[in-house]
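1. output the structure for:
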Amino acid sequence: MRARSRERIMQATVELIDEHGFNRVTLADIAERARVARGLVSYYFPGKRFLLQTAMHRHMHLALAAALRPLDEPGNPAQSEDPDVWLATTIDAITGLAVDQPTLMRTHLALILAPIDGRFVQDDEQQQLGALLQEVLRRRGSADPAADHAVLRSALMGACIGLLLPGAELPGSVIRADLFARYGLDPRLGPRSATAVALP
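-> All right, here's what the predicted structure looks like:
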């Protein structure tokens, strides 16, 4: 029950901030959407900033896991053991959040660039996201997935900033092409290959 309550709180957080922005959402709003007592939100999360960062790490982890799952399902038409397909799918899944949910991702990026207590929040949800990224890199033969994951994470967050920088946004097709070229990927791979030219 405790785990379900935390999950509902995190899900309500990403939904509300995506809809209304960070400053217009209160912890009381989140509690109401999650159908839990207001005090329970503060019990699990020490403040709205920490809550959003944790909720966003979960949101990215779940989005990436959902994108990768078909690649690992025998009998699924999308199933693939090609490590390049796994990395292309990863890039499209994470940068796709910036395209599909710009308010949410812009808020998350602003908070991680001005972190709580001057440090990046490395919670359990962030660790799960990191583990998925490391597995993708391990499939590509990385000798040091932990170190290479840090570089990939930075590249993905930098790409999201490029997509979302107010007044200086780069087209999604340019961002995608740069990341794919950096990792030697065929641009025809990945779920966004057909729509890459149409991305903002």
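2. correct me if wrong: Arg6 contacts Tyr43.
-> No: using C-beta atoms under 8 Å, Arg6 makes no contact with Tyr43, being 9.8 Å away. Every C-beta, even on glycine, is put in place using the N, C-alpha and C of the backbone.
3. among the two, which residue is more densely surrounded?
-> Arg6 (21 against 14; other C-beta atoms under 10 Å).
4. and that one, what element?
-> Using DSSP states H and E, Arg6 falls within helix 2-20.
5. show me where this protein has helices.
-> Assigned by DSSP state H, the chain shows helices spanning 2-20, 27-34, 38-44, 48-68, 83-100, 102-113, 124-139, 145-164, 172-182.
6. in JSON lines, list those along with mean pLDDT.
-> Shown next, in JSON lines, are the helices of the chain (pLDDT from 0 to 100):
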{"stretch": "helix 2-20", "mean pLDDT": "93"}
{"stretch": "helix 27-34", "mean pLDDT": "96"}
{"stretch": "helix 38-44", "mean pLDDT": "92"}
{"stretch": "helix 48-68", "mean pLDDT": "92"}
{"stretch": "helix 83-100", "mean pLDDT": "95"}
{"stretch": "helix 102-113", "mean pLDDT": "89"}
{"stretch": "helix 124-139", "mean pLDDT": "91"}
{"stretch": "helix 145-164", "mean pLDDT": "94"}
{"stretch": "helix 172-182", "mean pLDDT": "93"}
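7. between those, which one is nearest to Leu189?
-> Closest to Leu189 of those, according to C-beta to C-beta: helix 83-100, at 3.8 Å.
8. report the buried residues of that closest one.
-> Buried residues in helix 83-100, counted by 16 or more other C-beta atoms under 10 Å: 84-99.
9. domains for the protein, by residue range?
-> The chain resolves into domains spanning 1-45, 52-198 when parsed by automatic domain parsing.
10. Leu163 contacts Gln101, correct?
-> No: between Leu163 and Gln101 there is no contact under C-beta under 8 Å: 11.3 Å.
11. if we can go back for a sec, which parts of the helix holding Arg6 are buried?
-> For helix 2-20, by 16+ other C-beta under 10 Å, it's 5-6, 8-18.
12. the inter-axis angle of it versus helix 102-113?
-> Here helix 2-20 runs at an angle of 110 degrees relative to helix 102-113 (axes from the mean of the first three to the mean of the last three C-alpha atoms, to 10 degrees).
13. can you give me the angle helix 2-20 makes with helix 124-139?
-> Going by the same axes, to 10 degrees, helix 2-20 makes 90 degrees with helix 124-139.
14. contacts for helix 2-20?
-> 25, 29-31, 33-36, 40-41, 44-45, 51-52, 54-56, 58-59, 101, 103-104, 107, 125 (C-beta atoms under 8 Å, 6 or more residues apart in numbering).
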